[in-house]
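Chemist: Take a look and give me a structure for this.
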Amino acid sequence: MTTPGPLVLLIEDESPMRRILRAALTANGYRLVETATAAEGLTQARAYNPDLVLLDLGLPDRPGLDVIRELRTWSAAPIVVISASGQEQAKIDALDGGADDYLTKPFGTGELLARLRVALRHAERASGEPEAVLSIGPLRLDFASRVVTDGDREIHLTPIEYKLFATLARNVGKVMTHRQLLREVWGPSHVGETQYLRVYMAQLRHKLERDPARPRHLVTEPGVGYRLRTES
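Modeler: Next up, the predicted model:
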């Protein structure tokens, strides 16, 4: 018996975009529920409890950001935003509001499918038992012992470096905004101190990346934040 694919709730008011996404998603084994308004999307979210929400921010009845905030009051389903707006603040507001990822239109089908897979993996990991060890190529992070190794070599991280790396690791594949990282690592009173992040990310890259100038795993999302990527 074939296992049904993940159920995606698509909230998108442009019918040509819905057709494109419908073709891409159903061809790759996803089940789909489509809506064109914020109100209908929220109703269908409660009715179907989807595995993932694919959300356009520019909806006709309410801002997509309102949908994110309302969904986050009761649902942990990953939310991937698709929007014509490439403005950094729009991305930051969506991610800080509870979205898991953000794609700017136009985007390639391959990139969309990859982002959905990452969001679903992260949600599955978050809902189960926490991983004891995270492996990223030769790097291993043992959460219990708070030890990071590169092959057989232990890498010494300062407490702040470890906390920053562990925060990214617990959200592997997910974009973390500057504000989210600063709040998690340094505390709410430091959410505006982005220079802290730049300094410590540079230090982490020098310790963990083969080529710190061209990082493969500790990736910058320009103007938004950082992402720990497992794929090279």
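
Chemist: Beyond whichever helix in the chain runs longest, next helix or strand please.
Modeler: Longest helix in the chain by number of residues, with DSSP state H as the criterion: helix 109-127. Using DSSP states H and E, the helix or strand that follows helix 109-127 towards the C-terminus is strand 133-136.

Chemist: what are the pairing partners of that following strand, and which direction each?
Modeler: Paired strands of strand 133-136, with direction, are strand 139-142 (antiparallel) (DSSP bridges).

Chemist: C-alpha coordinates for the strand it pairs with, CSV please?
Modeler: Coordinates of the C-alpha atoms in strand 139-142 are reproduced here as CSV (Å, rounded to 0.1, in the frame of the first residue of the first chain):
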residue,chain,number,x,y,z
LEU,A,139,31.3,17.8,11.5
ARG,A,140,29.4,16.2,14.4
LEU,A,141,27.6,18.1,17.2
ASP,A,142,26.8,16.0,20.3
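
Chemist: Tell me which stretches of this structure form helices.
Modeler: For the chain, the helices identified by DSSP H occupy 15-27, 38-48, 64-71, 88-97, 109-127, 159-170, 178-185, 194-208, in order along the chain.

Chemist: Save those as CSV, and put in distance to residue 77 too.
Modeler: Heads up, the C-betas are built off the backbone N, CA and C, glycines and all. Putting the helices of the chain into CSV (distance: least, Cβ to Cβ, whole Å) gives the following:
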stretch, distance to residue 77
helix 15-27, 15
helix 38-48, 8
helix 64-71, 7
helix 88-97, 14
helix 109-127, 7
helix 159-170, 18
helix 178-185, 19
helix 194-208, 28
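
Chemist: Between those, which one is closest to residue 138.
Modeler: The closest approach between residue 138 and any of the helices of the chain, judged by Cβ to Cβ, belongs to helix 194-208 at 10.1 Å.

Chemist: From the chain's centroid, how far away is the closest one?
Modeler: For helix 194-208, the distance from its own C-alpha centre to the chain's C-alpha centre is 20 Å (Cα atoms, centre = their mean, to the nearest Å).

Chemist: Give me the neighbour count for residue 27.
Modeler: Residues within reach of residue 27, counting by other Cβ atoms under 10 Å, total 10.
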